[in-house]
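**Q** Any chance you can model this:
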Amino acid sequence: MFKGSKLNSILFGTCPVCHGESMYKEDNPYKLNAVFKMHDRCSKCGTKYKMEPSFFFGAMYVSYGLGVAFSVASFIITHFMIGMDAMNSFYIITAVLVILMPIIIRLSRNIWINLFFNYKGDNQV
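**A** Down below sits the predicted model:
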């Protein structure tokens, strides 16, 4: 759908260089025992996903930003649009962050790796 854009790789977790396959061994992020398990390399273009040990520690900063964004969005929706009081909004924010934790983990890793790689197309790899 968005092949050739970083958005494709970020949303679907595909290889940032060729968009040919998923970086993750398990596509479902809610299988919590496999949420962090990634292939070492892309089978299509050979891109090494972990360029160095602890490469994805930087994704924690992205994860923090995503968590804040989801929290602010949840607060605006519950407090200003629905009209809940601050305490109930806080409970909703907590529930949203717990429920979306696996998605936030995957999205932060996808965003982080896409900062370092660019799409090269099928015939340029």
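**Q** which one is the spatially most central residue of the chain nearest to, not counting chain neighbours?
**A** Nearest residue to the geometric centre of the chain (Cα atoms, centre = their mean): Leu107, 0.7 Å. Nearest non-adjacent residue to Leu107, counting by Cβ to Cβ, 6 or more residues apart in numbering: Leu66, 5.9 Å away. For every residue, glycine as well, the C-beta is placed using N, CA and C.
**Q** circling back to that earlier point, where does the residue nearest to the centre of the chain land in three-state SS?
**A** Three-state call for Leu107 (DSSP: H, G, I helix; E, B strand; the rest coil): helix.
**Q** how about it, what does it touch?
**A** When contacts are counted by Cβ atoms under 8 Å, 6 or more residues apart in numbering, Leu107 touches 10, 62, 66.
**Q** one step back: which pLDDT value does the model give the residue nearest to Leu107?
**A** Looking at Leu66, its pLDDT reads 97.
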